[in-house]
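**Q** Okay, here's the prediction I keep looking at, along with the sequence it came from:
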Amino acid sequence: MELFTPDFGLIFWMFFSFAILFVILYKWGWPAIMKGVESRADLIDKGVEYAQNAKEQLDNARAEAEKYIAEARRRQADMLREADKMKTQIIDEAREAAQKEAKKVMDAAALSIEQERKEAQRQMRDEVGALALEIATKVVRNRMTETKAQAELVDSLLDDMEKQN
């Protein structure tokens, strides 16, 4: 059982070597470890700060982007409203121009029809007058073969003239 129960000397030397190792580590090892831990903590703090700054910049960039998008949408809506107004205005102007042109065409057609009607009436009067003159000439020739009829006609014409004067 000697393996499980160490001697006093073994314990002393183990304690002594542990104390020397502890002093060496305390003097040179612990400061180096703490320096590494502190530099790592500083690096982590800087990383967290950098991440927070990046997050703030990203939030600012998102807010600015949303502002630009809202402005772009507002401008787009304004442009669409303006385009709609222009479309309506152009359609109204085209409609008015078409109505004016149609009125001009209708007036010109009405004038042309009226002129043609008057010309047709004049031609008809001329033809009726010529036909009536021709008929009257034939009737007078037939009746004027007798001298008595000729005398009556001359007398009636003279009477008509006297009445008119």
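**A** Everything's here; your move.

**Q** Averaged pLDDT, the helix or strand encompassing residue 133. What do you get?
**A** Residue 133 is located in helix 30-143, with elements delineated by DSSP states H and E. Helix 30-143 carries an average pLDDT of 92.

**Q** cool, and stretch 155-165?
**A** 81.

**Q** For it, output the C-alpha coordinates as PDB.
**A** Output of stretch 155-165 as PDB, limited to C-alpha atoms (Å, rounded to 0.1, in the frame of the first residue of the first chain):
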ATOM      1  CA  ASP A 155    -106.400  95.600-127.500                       C
ATOM      2  CA  SER A 156    -106.000  93.600-124.300                       C
ATOM      3  CA  LEU A 157    -102.200  94.400-124.300                       C
ATOM      4  CA  LEU A 158    -102.900  98.100-124.700                       C
ATOM      5  CA  ASP A 159    -105.500  98.000-121.900                       C
ATOM      6  CA  ASP A 160    -103.000  96.300-119.600                       C
ATOM      7  CA  MET A 161    -100.400  99.000-120.400                       C
ATOM      8  CA  GLU A 162    -102.900 101.800-119.700                       C
ATOM      9  CA  LYS A 163    -103.800 100.200-116.300                       C
ATOM     10  CA  GLN A 164    -100.100  99.900-115.300                       C
ATOM     11  CA  ASN A 165     -99.300 103.500-116.100                       C
END
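
**Q** where's that stretch relative to the chain centroid, distance-wise?
**A** Here the centre of mass of C-alpha atoms in stretch 155-165, compared against the chain's by C-alpha atoms, centre = their mean, to the nearest Å, lies 85 Å away.

**Q** Understood, closing this out.
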